[in-house]
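Novice: Dropping the sequence and predicted coords here.
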Amino acid sequence: MNKLLATLIAGLFATSVYAQTTTAPATPVAPAVPAAPVTTTDTTMSTGQSGTAGTVSTGNADADKKITKANEKEAKEISKQDEKIDKATANANEKKAKAQHKAEKKVAKAHEKVAKADPEDKAKAAAKAEEKTAEANYDAQKTMIKADEKAQKKIVDANADKAKAHAKANEKRAEATAEAHKDAAK
């Protein structure tokens, strides 16, 4: 169980590191259009947005406004999905803790019965306690696995939604940049 949890955490960490190190590609300026300079205003991840590092200024106020709007919409969606991931993880951890506590109670009750058993019945009570302990641990592990599985499904869905938001923002940025280049070419 600890290996599974460590793997899940490592996967989440790797995903977040990857998201923080990727930047939106800078839009190249065609040599025939000197009126639309491309300048990079922010190349760090200090803005807290995953796909908006390397924000591009097109020199066209309307296009820049559209790009900013796309960046904000993407950041909002990413934030929303991160909250879903956090909630799913917290719910899974809560279910796992409850399952573990329930199993511990069953085990304690079984051992209590062994302690209270008559000397001639101790062996039989101990065998029954071992059986109840194994059953309680199995039930707890099954519940923990289901909780992790459910959380992972939600995390995968949230990450897919984040990727879609990023792709949509890239599309809007590209459209705005193309529009700015058309306007500059006139």
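Specialist: That came in fine, so what should we check first?

Novice: Tell me how many other residues crowd the residue lying closest to Lys96 once chain neighbours are set aside.
Specialist: Nearest non-adjacent residue to Lys96, counting by C-beta to C-beta, 6 or more residues apart in numbering: Met144, 4.5 Å away. No exception for glycine: its C-beta is placed from N, CA and C like everyone else's. The burial count assigned to Met144 is 22, neighbours taken as other C-beta atoms under 10 Å.

Novice: And Glu72, by the same measure?
Specialist: Glu72: 13 neighbours (other C-beta under 10 Å).

Novice: That one is in what secondary structure piece?
Specialist: helix 61-116 (DSSP states H and E).

Novice: What is that helix packed up against?
Specialist: helix 122-185 (3 or more C-beta pairs under 8 Å, 6 or more residues apart in numbering; DSSP states H and E).

Novice: if we can go back for a sec, can you name the residues that contact the residue nearest to Lys96?
Specialist: 1, 95-96, 99-100 (C-beta atoms under 8 Å, 6 or more residues apart in numbering).

Novice: Asn60 too?
Specialist: Counting by C-beta under 8 Å, 6+ apart, Asn60 has contacts 36, 176, 179-180, 183-184.

Novice: try it again with 10 Å
Specialist: 35-36, 66-67, 176-177, 179-184 (C-beta atoms under 10 Å, 6 or more residues apart in numbering).

Novice: of the residues you listed, buried ones?
Specialist: Buried residues within the contacts of Asn60, counting neighbours by 16 or more other C-beta atoms under 10 Å: 36, 66-67, 176-177, 180-181, 184.

Novice: Can you lay out these as a markdown table showing distance to Lys162?
Specialist: Supplementary listing: the buried ones among the contacts of Asn60 in a markdown table, determined by distance: C-beta to C-beta, whole Å:
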| residue | distance to Lys162 |
| --- | --- |
| Ala36 | 31 |
| Lys66 | 21 |
| Ile67 | 19 |
| Ala176 | 21 |
| Thr177 | 22 |
| Ala180 | 27 |
| His181 | 29 |
| Ala184 | 33 |
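
Novice: Out of those, which is nearest to Ile155?
Specialist: In terms of C-beta to C-beta, no member of these lies closer to Ile155 than Ile67, at 29.2 Å.

Novice: was I right about that closest one contacting Glu171?
Specialist: No: if you go by C-beta atoms under 10 Å, Ile67 and Glu171 don't touch, sitting 11.4 Å apart.

Novice: Tell me the buried residues in stretch 78-89?
Specialist: For stretch 78-89, by 16+ other C-beta under 10 Å, it's 78, 81-82, 84-85, 88-89.

Novice: Put the alpha carbons of it into CSV.
Specialist: This file holds the C-alpha atoms of stretch 78-89, laid out as CSV (Å, rounded to 0.1, in the frame of the first residue of the first chain):
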residue,chain,number,x,y,z
ILE,A,78,-6.4,24.9,-14.1
SER,A,79,-7.1,26.2,-10.7
LYS,A,80,-10.6,24.6,-10.8
GLN,A,81,-9.1,21.3,-11.8
ASP,A,82,-6.4,21.5,-9.2
GLU,A,83,-9.1,21.9,-6.6
LYS,A,84,-10.8,18.8,-7.9
ILE,A,85,-7.6,16.9,-7.6
ASP,A,86,-7.0,18.1,-4.1
LYS,A,87,-10.6,17.2,-3.1
ALA,A,88,-10.3,13.7,-4.6
THR,A,89,-7.0,13.1,-2.8
